[in-house]
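Asks: Sequence and predicted structure below; questions after.
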Amino acid sequence: MVIVDNSDEVLSALSSVLSDQPDLDVVGVAGGVGEGVMLCRQVQPDVVILDVNMPDGGGQRAAREISTAVPGVRIVAFSAFDKALIRKMMLSAGADAYVSKSASMPELLAAIRGGSQLAGI
Amino acid sequence: MRTRTFIALAAGAAVLALVNLGFLILAPEHRPTVVVDDVSETIAPLVAAGVCLTTAYRGHGRTKQAWGLIGVSALCWGLGQAYWTYEEVILGLDAASLFPSFADLGFLASVPFALLGLLRLPQAETSAEIRVRTLLDGLVIAGALLFISWDLVLGPVYSDSPTDLLAKSVGLAYPASDIAMMTIILLTITRLRVGRRIPLALLAAGLLLTALADSAFAYLTTVQGFGSSNIIDLGWTMGYSLVGLAAVGSAESATGAGTRETRMPRWNLLLPYWTVGVAGVLAVITEFTLGSLNAVLEWDLLFIISVVLVRQFLFLSETQTLNAEVATKNDDLDRLVRERTRALTDSLEELHQTNDQRRQLLLRLVTLQEEERREIADVIHDDMLQSMIGAKMRTFMLNSGGANPDAVTSIEGAIDRAIVRMRSLMTDLRPQILDLGLIATLEQSIAEFNESGDLTITLDNRLTSDPSSLVGTSIYRIVREALNNAAKHARGATVNVTLSGSVDEGFSIRIEDDGPGFAPRSNGKSPMGHRGLSSMSERAEVLGGWARVDTAPGKGTTVDVWLPNRLEMTSHVPAA
């Protein structure tokens, strides 16, 4: 899986927590939209954890481009906003799940593993 | 007290005159009539002298001098008449033989005193021009009176008088002094201070009567031989009675209302000229009856005309000077008005500029405030909030590390509370969702209100273009404020939010609820608990727009706001 988030804090915390999981393998991290799309194109991940609030078009643009570049990829939108509007926007842009950053780790893990589409709402 | 004296004196004078008149009509030329006539003619001036001198004694300044001199004049006359009465009544001498006599000394002496007294009466303010004009008026009056007198009295007296030089001089002295007396009386009347009219009119009338009686006496004495008791005698009795009454009245008004300076009535201006009119009529009559005027009358007429011409010239030149002064004053006034108007326009302009500057400053302040809020919100979001989120994630690893689960849960709880507080602080500072557009943000806000169940809100978006960031933020804040107010004061109400307008025509916002409404304060300020209304107005005005609240108890509340998209577009609040 690939993690795209413009916050270094989140990026490093998330990668160390997720790497800890036996069934999950973080193959790359990116700090921006362009970088994230390029990375996904290269490594063709199964799952992408995508920050919503990023410059250069934000998570919406990234979701559209990644879902085109990596067919069958599971995109989990991961956002500090917990607004219904954002959720709708992300889902329509190609995200498969939407998780609030204030949600608990088990909720995020469930979303990654495909257990829930709308975790942490 | 003095009013009673006045009434008593007036009654006495009336009785004296009536008794006298009765005798003169019923028993002319009889001895009792002569006695009554002489005695009343003596009493009247002597009483008048007493009253005048008393008034003088109590008076001050010019009034004191005036009444003193008039009193002495009356005294002279009274003493002369007393001497006459002594000769005629006690010694039984014939009236015809009594002219001229010592009595005439008293009669003639009374004239200069009366003249001086009249001139000492308090007069209106004078200037050099007025004095010259008065002198000319005096000459006109004197000339006209001389004409009348020469035509009627002086002329005949001069030509028909006895050859005795003394008799001739004394005979002429009467009409001559009468001319002077009448001139001064007429002049005095025109220039008297108003406010004590009645006493002075009485004085003038009294002295005029005596002067007329004098002239008539001189005429009759010379032409027909004066009888001892004649209707003319009443002139003196009545005349001095009036002088006495004038003195009492003057003393009374001096202690009463005081002197009020008011404008003289216009007819007073004609006073010098009616004598000229009479002279003119006489001239015409004489011309017709005698065929010509004698040399004295002709020269006199020439004199009158000359003085009138000089007077006219003086008047015209004065008018010209006054007109020039008025024109100058008008110019000054015009200039002053122009200067003041310019000064006023300038200060108004300054005021407008100051107002504009103030608004620019406020706008700058608001812009900076919004920018600062955004920066703070960004820092919270990008830095602090992400750190907190990262920290929270890492707590998950503590579980597998065998940490105390209770400790982990309480750390998570603390982090969660911090996240919630940061979120709410961010939203208060500036909802980041605004980056997604005004309408999206408003829809989100409205959805939250609707979910809370306090209000039922619908949004009607008729915008044809999007507002600038600052204006959009302001619209968002105004709508939030109005919805907060409605939630507070109109719980359960249905609210319609309507947005319309464009970048070019400015933006209109209407927030309309069917709540209970409220009574607006007459001073335009928000009632207690409605502070949000004034903050909406302030926010709108800073941007050059306006906000208006239309409400009444039971009528719901409608907030109308208009905001220009550019600062140059300004407008005032339309009348409600």
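Replies: On my side now, so go ahead. All figures in this text were calculated on a predicted structure; none of them were measured in a lab. Residues are numbered from 1 along each chain as shown, chains lettered A, B, ... in the order given.

Asks: Can you report how many residues lie near residue 107?
Replies: Going with chain A. 18 (other Cβ atoms under 10 Å in any protein chain shown). C-beta here means a position set from N, CA and C on the backbone, and glycine is covered the same way.

Asks: You answered for a different chain; I wanted chain B.
Replies: 26.

Asks: Can I take it that it is in a helix?
Replies: Yes - under DSSP: H, G, I helix; E, B strand; the rest coil, B:Phe107 falls within a helix.

Asks: quick one, what contacts residue 44?
Replies: You didn't say which chain, so I picked chain A. By Cβ atoms under 8 Å, 6 or more residues apart in numbering or on different chains, A:Gln44 lies in contact with A:Val70, A:Val73.

Asks: other chain: chain B
Replies: B:Ala13, B:Leu16, B:Gly78, B:Trp236, B:Thr237, B:Met238, B:Gly239, B:Tyr240, B:Ser241, B:Gly244.

Asks: which SS class is the residue of chain B most remote from its centre?
Replies: Relative to the mean C-alpha coordinate of chain B, counting by Cα atoms, centre = their mean, the farthest residue is B:Gly402 (101.5 Å). The assignment at B:Gly402 comes out as coil when based on three-state DSSP.

Asks: Over to A:Val17?
Replies: helix.

Asks: what sits up against stretch B:120-140?
Replies: By Cβ under 8 Å, 6+ apart, the list of residues contacting stretch B:120-140 reads B:61-63, B:65-66, B:69, B:183-184, B:187-188, B:190-193, B:200, B:259, B:261, B:272-273, B:275-276, B:303-304, B:307-308, B:310-311, B:314-315, B:318.

Asks: could you redo the last one with a cut-off of 6 Å?
Replies: Stretch B:120-140 has contacts (Cβ atoms under 6 Å, 6 or more residues apart in numbering or on different chains) with B:Arg62, B:Gln65, B:Ala66, B:Thr183, B:Leu187, B:Arg191, B:Arg193, B:Pro272, B:Val307, B:Arg311.

Asks: can you pick the most crowded of the contacts of B:Ala44?
Replies: Busiest of the contacts of B:Ala44 [other Cβ under 10 Å] is B:Tyr240, holding 33 neighbours.

Asks: ok, now how distant is that residue from chain A?
Replies: Spatial separation of B:Tyr240 from chain A under the definition Cβ to the nearest Cβ, to the nearest Å is 118 Å.

Asks: Could you do B:Lys168 as well?
Replies: Counting by Cβ to the nearest Cβ - B:Lys168 and chain A are separated by 135 Å.

Asks: tell me which element that residue is part of?
Replies: helix B:165-191 (DSSP states H and E).

Asks: following that helix, which helix or strand comes up?
Replies: Next in sequence after helix B:165-191, counting helices and strands by DSSP H and E, comes helix B:197-223.

Asks: Next, the angle from the helix or strand that that following helix is followed by to helix B:197-223.
Replies: Proceeding N to C from helix B:197-223, the next assigned helix or strand is helix B:233-255, under DSSP H and E. Angle, helix B:233-255 to helix B:197-223, by axes from the mean of the first three to the mean of the last three Cα atoms, to 10 degrees: 160 degrees.

Asks: List the contacts of helix B:233-255.
Replies: Against helix B:233-255 from outside (Cβ under 6 Å, 6+ apart): B:2, B:5-6, B:9-10, B:13, B:17, B:20, B:37, B:40-41, B:44-45, B:47-48, B:51-52, B:55, B:67, B:74, B:196, B:198-199, B:202-203, B:205-206, B:209-210, B:212-213.

Asks: All good on my end, thank you.
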